[in-house]
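Chemist: Structure for this input, please:
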Amino acid sequence: MQQQLNDIQRGLGRVEGTLDGILKHLEAMNGRIGKHDIKINKIENEQIEIKTKATIYGGIAGFGIIAIWEFIKNKFIK
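Modeler: Model (predicted):
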């Protein structure tokens, strides 16, 4: 009977050790996921900034082209 209890305790100790190892591994993974999340948020914010600048510069360029076209049309095409 004592031998069975020792075997059970030893087995439970192994399970507990395995669970501790799994928890440490999950903590490490959560740390890496957190770092990746920060990088992804930074990239998303940069994309928003780039899209905004592209929209503004595209509008300015479009307005410039229309103004030049109207100038050419009024000056040379009658």
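Chemist: Show me the shaky parts of this protein.
Modeler: In the predicted model of the chain, residues 78 satisfy pLDDT under 70.
Chemist: What helix or strand is the residue minimising distance to the centre of it located in?
Modeler: Centroid check for the chain by Cα atoms, centre = their mean gives Ile40 as the closest residue, at 1.8 Å. Assigned by DSSP states H and E, Ile40 belongs to helix 2-76.
Chemist: name the helices or strands packed onto that helix?
Modeler: Contact partners of helix 2-76 among helices and strands, from 3 or more Cβ pairs under 8 Å, 6 or more residues apart in numbering; DSSP states H and E: none. Heads up, the C-betas are built off the backbone N, CA and C, glycines and all.
Chemist: Could you give the separation of it from the chain centroid?
Modeler: Chain-centre distance of helix 2-76: 1 Å, with Cα atoms, centre = their mean, to the nearest Å.
Chemist: Please report the distance of the residue nearest to the centre of the chain from Glu46.
Modeler: 11 Å (Cβ to Cβ, to the nearest Å).
Chemist: Ile8 now?
Modeler: Counting by Cβ to Cβ, the gap from Ile8 to Glu46 is 57 Å.
Chemist: same thing with Gly59?
Modeler: 21 Å.
Chemist: and what of Gln9?
Modeler: 56 Å.
Chemist: cool, and His36?
Modeler: From His36 to Glu46 the distance is 16 Å (Cβ to Cβ).
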